[in-house]
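Engineer: Just need the structure, nothing else, for what follows:
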Amino acid sequence: MNMPLRLDGVCVQYGPETVLDRVTLEVKRGEFLAVVGPNGAGKTTLLRVILGLKRPDRGEGEVLGQPFHRISKIRPLLGYVPQVIQENLQIPLQVEDIVRMGRYPRLGFLRYEKEPDRKAVETAMERLQILPLRRNLYRTLSGGQKQRVLVARALAVEPELLILDEPTTGLDPAVSEGLYSILTHLHKETGITIIMVSHDVMALSERVTTVACLNRSLVVHGRPAEVLSNENMTKLYGPHYILFGHGNVPHMVVSRDYPNHRCDHG
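Structural biologist: Numbers count the residues shown, from 1 in each chain. Presented below is the predicted three-dimensional model:
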């Protein structure tokens with residue numbers, strides 16, 4: 001399947017408000033796509049459409065070859081890391097227990113685990129560099145460690161498409177950079193197709209293969225060096241933002257009204 005995702009004129013409304021407006025987008029197999037845009041741009045709604053959690057009001061498309069009304073058939077092939085995790089800290093689950101949950105769609109009703117299932121869980125923990133933490137209680141982990149566990153849980157299903165919604169929310173820059181590095185290595189090692197919503201344009205600009213700039217409609221879509229220009233960012237964020245950069249890829253978005261413009265390499 002060369003086109004894991006195809007959207008054609010997708011529109012979503014919540015009451016009188018149009019959240020997605022005629023979005024047309026194609027994602028090829030093996031792409032690492034970053035979806036960026038301001039708050040309220042419809043990024044999370046876009047992911048809900050891809051996951052089959054929200055049916056478009058207009059438009060059509062396919063996810064892993066299945067139209068929207070049949071996405072349930074391929075949901076076990078989707079790995080998903082949501083933006084907000086509801087966790088019950090009173091349940092003493094170990095890291096391995098959390099990661100194993102991602103394997104449930106493959107296990108069936110009785111959840112009888114076989115050797116390939118155990119191997120998939122172990123491989124996911126190894127790739128996210130949390131194998132030494134497998135017996136630790138999830139609730140005792142740091143924020144960055146918890147996020148790695150949740151990504152490992154999404155990988156345990158051995159998905160054809162990995163979807164992440166703001167995976168570094170609430171994490172400090174050093175921890176976020178570590179997670180981005182792991183995802184970059186995962187993409188290069190496995191060739192998995194990744195779609196990630198993020199506000200962190202600069203950290204991703206040299207890691208992803210393509211960028212989709214979304215503000216209810218699709219502003220621009222293409223390679224980072226082509227997409228992340230002052231002109232496109234002004235269309236996306238408005239006239240108060242400007243990019244500074246070195247070479248072909250910009251490194252920072254700042255407000256024109258900010259008193260101390262500077263280029264940050266970190």
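Engineer: now the strands for the protein?
Structural biologist: Remark: strands assigned in the chain by DSSP state E are 5-14, 17-27, 32-36, 58-63, 66-67, 78-81, 161-165, 193-197, 210-215, 217-222, 241-246, 249-255.
Engineer: What is the third one packed up against?
Structural biologist: Helices and strands in packing contact with strand 32-36 are listed as helix 43-50, helix 173-190, strand 193-197, helix 201-204, strand 210-215; criterion 3 or more C-beta pairs under 8 Å, 6 or more residues apart in numbering; DSSP states H and E. All C-beta spots, glycine's among them, are computed from the backbone N, C-alpha and C.
Engineer: looking at those, which has the lowest confidence?
Structural biologist: Among these, helix 201-204 has the lowest mean pLDDT, at a mean of 76.
Engineer: Surely residue 124 touches residue 149?
Structural biologist: No. Using C-beta atoms under 8 Å, residue 124 is not in contact with residue 149, being 9.5 Å away.
Engineer: Now for these two: what residues contact both?
Structural biologist: Jointly contacting residue 124 and residue 149 under the rule C-beta atoms under 8 Å, 6 or more residues apart in numbering are residue 99.
Engineer: mind giving me JSON lines with the helices and strands packed on strand 32-36 and columns for distance to residue 114?
Structural biologist: Output for these, formatted as JSON lines (distance: least, C-beta to C-beta, whole Å):
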{"stretch": "helix 43-50", "distance to residue 114": "30"}
{"stretch": "helix 173-190", "distance to residue 114": "22"}
{"stretch": "strand 193-197", "distance to residue 114": "26"}
{"stretch": "helix 201-204", "distance to residue 114": "37"}
{"stretch": "strand 210-215", "distance to residue 114": "37"}
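Engineer: Please identify which of these is closest to residue 156.
Structural biologist: For residue 156, the closest of the helices and strands packed on strand 32-36 is helix 173-190, at 13.0 Å, according to C-beta to C-beta.
Engineer: Return the distance of that closest one from the chain's centre.
Structural biologist: Remark: helix 173-190 is offset 12 Å from the chain centroid, using C-alpha atoms, centre = their mean, to the nearest Å.
Engineer: One more: stretch 193-209?
Structural biologist: Centre-to-centre, stretch 193-209 and its host chain are 8 Å apart (C-alpha atoms, centre = their mean).
Engineer: do stretch 142-156 as well
Structural biologist: In terms of C-alpha atoms, centre = their mean, the centre of stretch 142-156 is found 13 Å from the chain centre.
Engineer: which outside residues touch that stretch?
Structural biologist: So stretch 142-156 is contacted by 79-81, 85, 95, 98-103, 120-121, 123-125, 127-130, 133, 138, 141, 162-164, 167-168, 170-171, 175, 178-179, 182-183, 186 (C-beta under 8 Å, 6+ apart).
Engineer: ok, of the residues you listed, which come out buried?
Structural biologist: 79-81, 95, 98-100, 102-103, 120-121, 124-125, 127-128, 130, 133, 138, 141, 162-164, 167-168, 171, 175, 178-179, 182-183, 186 (16 or more other C-beta atoms under 10 Å).
Engineer: low-confidence ranges in this structure?
Structural biologist: Low-confidence segments of the chain, defined by pLDDT under 70: 1, 84-91, 108-111, 240-266.
Engineer: hmm, 80 instead?
Structural biologist: Across the chain, the ranges flagged by pLDDT under 80 are 1-2, 83-91, 105-113, 201-204, 230, 238-266.
Engineer: re earlier: what about the helices and strands packed on strand 32-36, which gets the closest to residue 25?
Structural biologist: For residue 25, the closest of those is strand 210-215, at 6.1 Å, according to C-beta to C-beta.
Engineer: tilt between the closest one and helix 43-50?
Structural biologist: Computed with axes from the mean of the first three to the mean of the last three C-alpha atoms, to 10 degrees, the direction of strand 210-215 lies at 110 degrees from that of helix 43-50.
Engineer: ok so, going back, just so I know, which of the helices and strands packed on strand 32-36 lies nearest residue 58?
Structural biologist: Counting by C-beta to C-beta, residue 58 lies closest to helix 43-50 out of those; the figure is 11.6 Å.
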